[in-house]
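Enquirer: Any chance you can model this:
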Amino acid sequence: FQHRYPRQKAFNDEAVLSLLSSSLQTDLRLELYMDFLWSKVGVFHNAPEPLLRSICQYVTTAYHVPGDIVLAKGDLAEYLHITRDGFLAVYDSQGKYVKDINEGEMFGHEGLLARGSGSKAQCTYTVVCEQHCETLVMSHRGFNALAENYDSWVNIITNLQTHDLDHGCNTTIHSTGLNKIPLTGDGPKVKHEDANASMSLGSQVY
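Expert: Numbers count the residues shown, from 1 in each chain. The predicted structure follows:
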């Protein structure tokens, strides 16, 4: 990205993908996103392979430059973001700095969870890009499609929300580090996925 943007070589990844056949689009998305989601995003480390494969089909890449407001307080909750490179900063409703968001961390999902329950949720914090960064972005439509088909997805997002409440956080930003949020296996059974499918530590699955 740091080579693309200054030289105005950035391009619309979705426009490029649209030139390919459906099967090639699927294969390329798996190639682009699967390993990152499994190895860098902690809450997905033990997620079922079918869920990860579906997530790959619902995310797109967004590029941000320092000073970009990625989420603004009061905005309607529209997107989930997963930081792939660089870092961003969170500011509360009073404009006070709260924390950084680093590689593998997720934000925006809590608003989509509330929106899925029928609420017209608004962002309660502002996220500003602090360094040239790249995020994977999922729309509320993709978020809802995953929720309808994968109970494991609902479990992951709900666990993040519960973790935030249990720790008395003032904002709804959640870390996705492996050692920070323990996942339990006592949630409802999955719908359209193999409950025993998981990513192997010793191999990459595409």
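Enquirer: Could you identify the helix or strand that succeeds the helix ranked longest in the chain?
Expert: Counting residues, the longest helix found in the chain (DSSP state H) is helix 22-40. Downstream of helix 22-40, the first helix or strand assigned by DSSP states H and E is helix 49-58.
Enquirer: what packs against that following helix?
Expert: On a contact count with 3 or more CB pairs under 8 Å, 6 or more residues apart in numbering; DSSP states H and E, helix 49-58 meets helix 22-40, strand 133-139, helix 140-149. Every C-beta, even on glycine, is put in place using the N, C-alpha and C of the backbone.
Enquirer: Just the buried positions in the helix or strand following it, please.
Expert: Counting by DSSP H and E, the next helix or strand C-terminal to helix 49-58 is strand 59-64. Across strand 59-64, burial judged by 16 or more other CB atoms under 10 Å covers Val59, Thr60, Ala62, Tyr63, His64.
Enquirer: Then stretch 96-104?
Expert: Result for stretch 96-104 [16+ other CB under 10 Å]: buried residues Val98, Ile101, Glu103, Gly104.
Enquirer: Among these, which one sits closest to Pro50?
Expert: Within the set of the buried residues of stretch 96-104, Gly104 lies nearest Pro50; the separation is 21.1 Å, counting by CB to CB.
Enquirer: What residues of the longest helix of the chain count as buried?
Expert: Quick answer for helix 22-40 (16+ other CB under 10 Å): Gln25, Arg29, Leu30, Tyr33, Met34, Phe36, Leu37, Trp38, Lys40.
Enquirer: CA atoms only for it, dumped as PDB, please.
Expert: Once non-C-alpha atoms are left out, helix 22-40 reads as follows in PDB (Å, rounded to 0.1, in the frame of the first residue of the first chain):
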ATOM      1  CA  SER A  22     -17.100 -16.800 -10.200                       C
ATOM      2  CA  SER A  23     -14.900 -19.800  -9.500                       C
ATOM      3  CA  LEU A  24     -11.700 -17.800 -10.000                       C
ATOM      4  CA  GLN A  25     -13.100 -15.000  -7.800                       C
ATOM      5  CA  THR A  26     -13.700 -17.600  -5.000                       C
ATOM      6  CA  ASP A  27     -10.200 -19.100  -5.300                       C
ATOM      7  CA  LEU A  28      -8.600 -15.700  -5.300                       C
ATOM      8  CA  ARG A  29     -10.500 -14.500  -2.300                       C
ATOM      9  CA  LEU A  30      -9.400 -17.600  -0.400                       C
ATOM     10  CA  GLU A  31      -5.800 -17.000  -1.500                       C
ATOM     11  CA  LEU A  32      -5.900 -13.300  -0.400                       C
ATOM     12  CA  TYR A  33      -7.700 -13.700   2.900                       C
ATOM     13  CA  MET A  34      -7.800 -17.200   4.300                       C
ATOM     14  CA  ASP A  35      -4.400 -17.500   5.900                       C
ATOM     15  CA  PHE A  36      -4.600 -14.000   7.400                       C
ATOM     16  CA  LEU A  37      -7.900 -14.700   9.000                       C
ATOM     17  CA  TRP A  38      -6.700 -17.900  10.500                       C
ATOM     18  CA  SER A  39      -3.200 -17.000  11.600                       C
ATOM     19  CA  LYS A  40      -3.600 -13.300  12.600                       C
END
